[in-house]
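1. pasting the sequence and the predicted model now:
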Amino acid sequence: MKIAIVFASRTGNTAAVAQAIREGCAGHEIVAFGPPPADVGEAELVFAGSWTDKGTCAPEMGEFLRALHGRSVVLFGTAGFGLSESYFASLGDRFKGEIPADNRVVDAWFCPGRMPPEVRERYEAQLKERPGDKRLENMLQAYDHALTHPDGADLEHARAFARTMVEKVEGSICFVS
Ligand SMILES: Cc1cc2nc3c(=O)[nH]c(=O)nc-3n(C[C@H](O)[C@H](O)[C@H](O)COP(=O)(O)O)c2cc1C
């Protein structure tokens with residue numbers, strides 16, 4: 001099967017997940033691997049991934065997704081504030097909202113992704129001005145949680161996720177034809 005893996009990554013977290021997804025697609029033809037804009041050629045399956053920027057995908061990924069037609073699409077991403085599955089589910093919905101209806105969104109998977117140290121320094125400074133601020137405390141907690149991610153378990157999860165997605169799309173193509 002022809003597969004494209006397109007991803008927006010500023011600091012390398014989403015790129016590491018994309019690489020693991022590529023490993024999970026071993027044995028298939030990778031027709032594109034890199035950032036948007038990307039030519040996905042005749043890819044039957046498009047893995048599209050992004051870091052999270054203000055609660056949704058990066059603008060260039062949004063642009064890429066809006067131009068996709070007639071594909072099976074699997075979304076993935078990393079998020080600095082990924083403390084809960086419900087947050088990841090809401091991100092999946094936001095990413096999906098960019099995709100035209102003539103595509104088939106197969107599934108979405110996210111993991112936490114570490115943020116630069118300046119982010120923690122900024123929250124710490126703000127917390128000094130507003131001691132006990134629950135929102136800031138939660139953000140610091142999320143920062144610390146993300147600090148070790150994506151880790152080996154996340155990358156193994158990404159590989160397994162990719163294998164499952166490939167099987168699922170292959171199965172549906174065989175079923176239709
Ligand atoms: C400007 C900026 C905005 C961000 N906005 C969010 C956000 O809204 N939600 C979130 O969970 N993480 C947010 N993050 C954290 C990144 O999405 C996260 O660290 C991600 O793993 C970075 O991926 P990358 O290394 O592939 O660029 C933001 C980071 C930056 C620098």
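-> The structure has been received and is ready for your questions.

2. could you report the neighbour count for P100?
-> 13 (other C-beta atoms under 10 Å). The C-beta positions use only the backbone N, C-alpha and C, and glycine is treated the same way.

3. how about the one 4 residues further on?
-> For R104, the neighbour count with other C-beta under 10 Å is 14.

4. quick check, pLDDT for it.
-> For R104, the model assigns a pLDDT of 97.

5. list the contacts for it?
-> 71-73 (C-beta atoms under 8 Å, 6 or more residues apart in numbering).

6. quick check: G77 is in a helix.
-> No. Per DSSP: H, G, I helix; E, B strand; the rest coil, G77 lies outside any helix segment and is strand.

7. among the contacts of R104, who's most crowded?
-> Neighbour tally across the contacts of R104 (other C-beta under 10 Å): the maximum, 26 neighbours, falls on V73.

8. name the helix or strand for it, please.
-> If you go by DSSP states H and E, V73 is part of strand 72-79.

9. mind listing what the residue in the chain that the ligand sits nearest to touches?
-> Residue nearest to the ligand within the chain: G113 (1.9 Å; C-beta to the nearest ligand atom). For G113, the contact set (C-beta under 8 Å, 6+ apart) comprises 11, 13-14, 51-52, 78-80, 82, 146, 149-150.

10. recalculate using a threshold of 10 Å.
-> 9-14, 16-17, 51-52, 77-82, 146-147, 149-150, 154 (C-beta atoms under 10 Å, 6 or more residues apart in numbering).

11. ok, now A67?
-> 36-37, 40, 98, 100 are the contacts of A67 under C-beta under 10 Å, 6+ apart.

12. again, only this time at 6 Å
-> Going by C-beta atoms under 6 Å, 6 or more residues apart in numbering, A67 touches no other residue.

13. and R120, by the same measure?
-> Taking C-beta under 6 Å, 6+ apart, we find R120 in contact with Y143.

14. over to G171: give its phi and psi.
-> Backbone geometry at G171, expressed as degrees, to the nearest 10, gives phi -60, psi -40.

15. with adjacent residues omitted, what lies nearest to the residue of the chain closest to the ligand?
-> T78 (3.0 Å; C-beta to C-beta, 6 or more residues apart in numbering).
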